[in-house]
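Asks: this one's sequence-less:
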């Protein structure tokens with residue numbers, strides 16, 4: 001599938017699925033084919049199909065029922081409004097893997113006691129809740145921005161802010177909501193602690209590796225089966 005008009009791939013897929021729904025191929029109440037089948041039919045990856053389905057869920061076109069499937073909803077009186085063209089969650093995570101891992105490496109050299117104290121406060125605030133919520137998400141963002149600021153590179157700070165603006169967008173948050181649990185949040189907090197430890201001990205290579213592992217873990221979570229089981 002090509003992107004000749006510059007739209008993001010997941011938007012192409014979402015628009016194509018919307019056309020199939022409107023044409024009656026999948027009437028309200030019907031279940032869409034499995035991700036793997038849609039990916040094969042459209043010639044795209046399963047992550048791109050998942051992003052498209054989440055976009056349609058945010059727009060009120062479909063409902064994701066973990067362990068059951070993706071179902072077409074009754075149309076609203078007003079047509080669904082397409083999401084603003086933000087990067088898809090998987091592209092966003094991969095970009096953060098590049099930018100924030102290098103920020104962490106530089107932070108191990110340049111972080112001041114004030115930077116480290118800010119990271120620790122943010123981590124403590126993340127630990128204060130057993131689950132992810134609005135407050136812990138804000139603390140999570142502070143943690144990563146402190147790292148960017150500790151890199152002593154203003155361009156990395158700017159990029160990190162932009163990436164986090166997208167990370168807090170509706171598409172990312174909706175996808176994340178399907179994979180949130182106490183266990184996953186504890187794992188994420190532990191990953192942040194490993195990043196902070198590497199920066200505090202001035203080990204740039206370990207800091208880079210810890211940040212990369214954190215990003216990879218997020219990507220793997222989003223690519224795993226829908227809770228409580230795979231949506232067929």
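Replies: Cool, the structure landed. Everything numeric in this text was worked out from a predicted model, so none of it was measured.
Asks: Report the mean confidence score over the helix ranked longest in the chain.
Replies: Longest helix of the chain, by residue count under DSSP state H: helix 89-110. If you average the pLDDT over helix 89-110, you get 97.
Asks: can I assume residue 119 sits in a strand?
Replies: No. Applying DSSP: H, G, I helix; E, B strand; the rest coil, one finds residue 119 to be helix, outside a strand.
Asks: and the closest residue to residue 103 other than its chain neighbours, how many residues sit next to it?
Replies: Using CB to CB, 6 or more residues apart in numbering and skipping residues adjacent in sequence, the residue nearest residue 103 is residue 151, 4.3 Å away. Glycine gets a C-beta too; all of them are placed from N, C-alpha and C. Neighbour count of residue 151, defined by other CB atoms under 10 Å: 24.
Asks: Now do the buried residues in the longest helix of the chain.
Replies: Within helix 89-110, the residues that count as buried by 16 or more other CB atoms under 10 Å are 89-93, 95-97, 99-108.
Asks: and residue 171, that's in a strand?
Replies: No. Counting by three-state DSSP, residue 171 is not part of a strand but helix.
Asks: give me every residue that touches it.
Replies: Taking CB atoms under 8 Å, 6 or more residues apart in numbering, we find residue 171 in contact with 51, 54, 55, 58, 83, 86, 88, 89.
Asks: Turn those residues into TSV, including secondary structure.
Replies: Listed next are these as TSV, based on three-state DSSP:
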residue	secondary structure
51	helix
54	helix
55	helix
58	helix
83	coil
86	coil
88	coil
89	helix
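Asks: In a markdown table, list those residues along with distance to residue 169.
Replies: Below are these laid out as a markdown table (distance: CB to CB, whole Å):
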| residue | distance to residue 169 |
| --- | --- |
| 51 | 12 |
| 54 | 11 |
| 55 | 11 |
| 58 | 10 |
| 83 | 8 |
| 86 | 5 |
| 88 | 10 |
| 89 | 9 |
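Asks: got any ranges where the chain has weak pLDDT?
Replies: 1-7, 76-84, 226-232 (pLDDT under 70).
Asks: would you list every one of the strands in it?
Replies: With DSSP state E as the criterion, the chain has strands at 62-65, 69-72.
Asks: Deepest-packed of the ones you listed, please.
Replies: The highest mean neighbour count among those, using mean count of other CB atoms under 10 Å, belongs to strand 69-72: a mean of 20.
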